[in-house]
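Asks: sequence and predicted model, in that order:
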Amino acid sequence: MPSIALQSVSKSYAVGPLAVDNLDLTIPDGSFTCLLGPSGCGKTTTLRMIAGLEHPTAGSITVGDRVLDSVADGTFVPTERRGMGLVFQNYALWPHLTVARNVEFGLKVQKVPGPERKARVEAALKMMRIDGAADRYPSQLSGGQQQRVSLARMLAVNPSVLLLDEPLSNLDATLRLEMRAELKRLHEETGHTIVFVTHDQLEAMTMATQVAVMKDGVLQQLAPPMDVYHRPANTFVAAFVGSPPMNLAPCDEDGTGLGAVILHHLAAAHPHDLPRIHTVGVRPEAIKVVDADHPANDKEWVFDGQVRAVLPTGAAWTVSLTVGATELYLVSTDEVAATTGDTIRCAVKTKAVHLFGADGNRLELETARAEAAEWIS
């Protein structure tokens, strides 16, 4: 299927602000696109407009040269004629039908001949690795197995686009991890275009080929996952993507805040750019614990912080620090030998400091340009 294009799409309801505000979004053929954002940001509304379950208030939705929705022309293609498969948060399985009959249901509606229907059901069950449960009922399955049945039912009708609305939110942590791997494998094996709605940044980062971050109905950034992480377009994306989130410090006018302290360190390298900088940011994993006698230098911001808490997670240690009146978080893969109240010395490479203007948008300084993979090393 050609690319899906949303052009100047808006959606309003009877009351309240726009659910989607002038959205321009292209979903390339064969991509795994995640619509990511907090509750109420418009991601599910966007998915439902692509599916034909909601009508835009303005704008158009096209697939290649085919217009699915156009407010100006009065064009609307019904859901059943769009060639798209939908999977929702609840599995919506028929409790009185076996797994095989549930998967077969859409094919019977399409009046697919019996032998072909049977072959497609078997193929879908095998792809989702639940062919051994064909004769069971939904109540006899785990949550992860039920989600696989829901996906198999969609795959059996062979849609060109898969639309998934938070399908993993009802699963426990172990099953969510398993299903993320299954969905990524499914995308790689079938090459289907997938549009996936989630508020979970980990799902977006691990599965997507491109991430569309939304807030209040407005697209904030559209980019590959690691670009979103390493080069956030604004302070909202910087704070939303990452766990713990990016440490952000405003540059106080009186010059005493943490942001001003960092700017003082940057001043020698960027004297002409500093007036434009409003906020500085540092990822927790970019902060390294160093020896107490580690010297200050022009390539690193070196500072002392007081430990508020050390939070081991098994694979890493998250440390809450106070630097002056500001609280920071750092993440270390090495054990941090400190307790509450201790003072530790930390260093951040100058190129790992993110800079934002008064409007919250990212600033790129010529002397601070670096490839995303080199930012945190």
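Replies: Cool, the structure landed. Numbering: from 1, shown residues only.
Asks: residues in contact with the top helix by length along the chain?
Replies: Using DSSP state H to define each element, the chain has its longest helix at helix 173-190. For helix 173-190, contacts defined as CB atoms under 8 Å, 6 or more residues apart in numbering pick out 32, 127-129, 142-144, 147-148, 151, 155, 164, 167-168, 171, 192, 194, 196, 203, 206-207. Placement of C-beta: from N, CA and C, glycine included.
Asks: what residues of the lengthiest strand in the chain count as buried?
Replies: The residue-count maximum for a strand in the chain (DSSP state E) belongs to strand 300-312. Neighbour counts over strand 300-312 (16 or more other CB atoms under 10 Å) mark Glu300, Trp301, Val302, Phe303, Gly305, Val307, Val310 as buried.
Asks: please save the CA atoms from that strand in CSV.
Replies: Only the C-alpha atoms of strand 300-312 are listed here, as CSV (Å, rounded to 0.1, in the frame of the first residue of the first chain):
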residue,chain,number,x,y,z
GLU,A,300,33.1,18.7,30.8
TRP,A,301,30.8,20.3,33.2
VAL,A,302,32.0,19.1,36.6
PHE,A,303,30.0,19.6,39.8
ASP,A,304,29.4,18.2,43.3
GLY,A,305,25.9,17.0,44.2
GLN,A,306,24.4,15.8,47.5
VAL,A,307,22.8,12.4,47.4
ARG,A,308,19.1,12.3,48.3
ALA,A,309,18.5,8.7,47.5
VAL,A,310,20.1,5.7,45.7
LEU,A,311,17.6,3.5,43.9
PRO,A,312,19.0,0.2,42.6
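Asks: continuing past that strand, what's the next helix or strand?
Replies: Next along the chain after strand 300-312, taking DSSP states H and E as the criterion, comes strand 317-323.
Asks: and the angle from that next one to strand 300-312?
Replies: Per axes from the mean of the first three to the mean of the last three CA atoms, to 10 degrees, the angle that strand 317-323 makes with strand 300-312 is 130 degrees.
Asks: about what we covered before: helices or strands up against the longest strand of the chain?
Replies: Packing contacts for strand 300-312, counted by 3 or more CB pairs under 8 Å, 6 or more residues apart in numbering; DSSP states H and E, involve helix 258-266, strand 317-323, strand 343-349.
Asks: out of those, nearest to Val87?
Replies: Of all the helices and strands packed on strand 300-312, it is strand 317-323 that lies closest to Val87, at 33.9 Å by CB to CB.
Asks: now do the closest one: everything it contacts.
Replies: Where contact means CB under 8 Å, 6+ apart, the residues beyond strand 317-323 that reach it are 244, 258, 261, 284, 289, 303-312, 327-336, 338, 344, 346.
Asks: what comes up buried for that strand?
Replies: Across strand 317-323, burial judged by 16+ other CB under 10 Å covers Trp317, Thr318, Val319, Ser320, Leu321, Val323.
Asks: repeat for stretch 242-249
Replies: Gly242, Pro244, Met246, Asn247, Leu248, Ala249.
Asks: wasn't the first one part of a helix?
Replies: In other words, Gly242. No - remark: Gly242 does not belong to a helix; assigned using DSSP: H, G, I helix; E, B strand; the rest coil, it is coil.
Asks: quick one: contacts for it?
Replies: Per CB under 8 Å, 6+ apart, neighbours of Gly242: Gln201, Tyr229, Arg283, Pro284.
Asks: and the strands in the stretch 51-200 of the chain?
Replies: For the stretch 51-200 of the chain, the strands defined by DSSP state E, counting those that start in this stretch cover 58-63, 66-70, 75-76, 84-87, 161-165, 193-198.
Asks: weakest of those in terms of mean pLDDT?
Replies: Ranked by mean pLDDT, the strands of the stretch 51-200 of the chain bottom out at strand 84-87, which scores a mean of 86.
Asks: ok, that one: who's next to it in the sheet?
Replies: Strand pairing for strand 84-87, determined by DSSP bridges: strand 161-165 (parallel).
Asks: by how many degrees do the partner strand and helix 173-190 diverge?
Replies: Counting by the same axes, to 10 degrees, strand 161-165 points 170 degrees away from the direction of helix 173-190.
Asks: residues contacting strand 161-165, please?
Replies: So strand 161-165 is contacted by 1, 4, 44, 47-48, 50-51, 82-89, 154-155, 183, 192-197 (CB under 8 Å, 6+ apart).
Asks: of the contacts of Gly242, just say which sits nearest to Val218.
Replies: Using CB to CB, the contacts of Gly242 come closest to Val218 at Gln201, 18.0 Å.
Asks: just list the residues touching that closest one, thanks.
Replies: Applying CB under 8 Å, 6+ apart, we find Gln201 in contact with Leu36, Phe240, Val241, Gly242, Ser243.
Asks: 6 Å instead, please
Replies: When contacts are counted by CB atoms under 6 Å, 6 or more residues apart in numbering, Gln201 touches Val241.
Asks: gap between it and Leu36?
Replies: Distance, Gln201 to Leu36, by CB to CB, to the nearest Å: 6 Å.
Asks: surely Ala347 touches Ile287?
Replies: No - using CB atoms under 6 Å, Ala347 makes no contact with Ile287, being 7.7 Å away.
Asks: so between those two, which is more surrounded?
Replies: Neighbours around Ala347 and Ile287, counted as other CB atoms under 10 Å, are more numerous at Ile287. The numbers are 25 against 20.
Asks: ok, back up a step: and the contacts of Gly242 as a markdown table, adding pLDDT, distance to Gly217 and secondary structure?
Replies: As requested, these are exported to a markdown table (pLDDT from 0 to 100; distance: CB to CB, whole Å; DSSP: H, G, I helix; E, B strand; the rest coil):
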| residue | pLDDT | distance to Gly217 | secondary structure |
| --- | --- | --- | --- |
| Gln201 | 91 | 19 | helix |
| Tyr229 | 94 | 23 | helix |
| Arg283 | 95 | 27 | coil |
| Pro284 | 95 | 29 | helix |
